[in-house]
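A.B. asks: I would like the atomic coordinates for the input below:
(one chain, ligands or ions: 1)
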Amino acid sequence: MKYKRVLLKLSGEALSGDKGTGFDEATCVKVAEQIKKLNESGCEVAIVIGGGNFWRGASSDTIQRNKADQIGMLATVMNCIYMSEICRNAGMMTQVLTPFECGSFTKLFSRDRVEKYFSKNMVVFLAGGTGHPYFSTDTATALRAVEIQADVILAAKSIDGVYDKDPEKYPDAKKYDTLPISRVIDEKLAVVDLASAVLCYENKMPMCLFSLNEENSIINCVEGRCTGTTVTTD
Ligand code: UDP
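C.D. replies: The predicted model follows:
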């Protein structure tokens, strides 16, 4: 195993499979199977899930952005509760943490709590983003990865890595095997948003981007066989 502690980022859309919205149970069950293998092999897995399968702050131009973003953050909580239950059905112990109170639905996030749950071999879901508007779950991913001192961010996407141009439009687009984070920032490459790229750069947090649709892609990445793009810390 190359990485002992990982922060897995799943986009909301990844949970919705081909439907594009809501949950696709078969897709989620397959993801949970991979998480279970990692959990059983002693890898500490924290998971951030986006909310794009329900709502994005930018979805509305009629309501205030900070309210729209609150709805987006709640969408990530729904996704984490759902995925946490799918993982429990598969036999794992899980806990959902949020940066704001959700009554008895979740517990408040703290680094200490994450350590406690990891020591009990639990899979930890970091829901609710950063708890602040004008951020994204990409930013929450970078922030939490740094806070919990993850070895790497694993970003499972619908695309199999980072390309020099849009591979859907340009058949000659080339995929990067590795890419320095400084280039992502300097050239504003649309890999992750700029705020999260800067956090990764300043805190030397590497990132692997790969396709969730590829068989065993999460496990392969943890074992050091990333078939997508590795974003290095230089
Ligand atoms: N969001 C937010 N602050 C955060 C994280 C998320 O306001 O720290 C809101 C924002 O409105 C965003 C939505 O939650 O559009 C869903 O997250 P995101 O778009 O990152 O989801 P993904 O595209 O990864 O599914």
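A.B. asks: in CSV, list the C-alpha atoms belonging to the helix or strand of the chain with the lowest mean pLDDT.
C.D. replies: The weakest-scoring helix or strand in the chain, judged by mean pLDDT, DSSP states H and E, is helix 12-15 (a mean of 90). Provided in CSV are the C-alpha atoms of helix 12-15 (Å, rounded to 0.1, in the frame of the first residue of the first chain):
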residue,chain,number,x,y,z
GLY,A,12,-22.1,14.4,-6.4
GLU,A,13,-22.5,13.5,-10.0
ALA,A,14,-20.4,10.4,-9.5
LEU,A,15,-23.1,9.0,-7.2
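A.B. asks: pLDDT averaged over the top helix by length along the chain - what is it?
C.D. replies: Longest helix in the chain, counting residues (DSSP state H): helix 65-89. Mean pLDDT, helix 65-89: 97.
A.B. asks: ok, now stretch 24-36?
C.D. replies: Mean predicted confidence for stretch 24-36 is 96.
A.B. asks: list the buried ones in that stretch?
C.D. replies: For stretch 24-36, the neighbour count (16 or more other Cβ atoms under 10 Å) marks 24, 27-28, 30-32, 34-36 as buried. Yep, even glycine has a C-beta here, placed from its N, CA and C like the rest.
A.B. asks: mark which of those are part of strands, please.
C.D. replies: Among the buried residues of stretch 24-36, no member falls in strands (DSSP state E).
A.B. asks: contact partners for the closest residue to residue 58 other than its chain neighbours?
C.D. replies: Excluding the flanking residues, the one nearest residue 58 by Cβ to Cβ, 6 or more residues apart in numbering is residue 68, at 7.5 Å. Counting by Cβ atoms under 8 Å, 6 or more residues apart in numbering, residue 68 touches 55, 57-60, 133.
A.B. asks: show me which residues of the protein sit near the ligand.
C.D. replies: Applying Cβ under 6 Å from any ligand atom, we find that the chain lies next to the ligand at 11-13, 50-52, 56-57, 68-69, 72-73, 75-76, 129-130, 132-133, 135-140.
A.B. asks: tell me the buried residues in stretch 94-109?
C.D. replies: 94-100, 102, 106, 109.
A.B. asks: which pair in those residues spans the largest distance?
C.D. replies: 94 and 100 (19.3 Å; Cβ to Cβ).
A.B. asks: show me where the chain has strands.
C.D. replies: Along the chain, the stretches classed as strands by DSSP E are 5-10, 44-49, 94-98, 107-108, 123-126, 152-157, 178-180, 207-211, 229-232.
A.B. asks: any chance of those strands in CSV, plus mean pLDDT?
C.D. replies: Shown next, in CSV, are those (pLDDT from 0 to 100):
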stretch, mean pLDDT
strand 5-10, 98
strand 44-49, 98
strand 94-98, 98
strand 107-108, 98
strand 123-126, 98
strand 152-157, 96
strand 178-180, 97
strand 207-211, 96
strand 229-232, 97
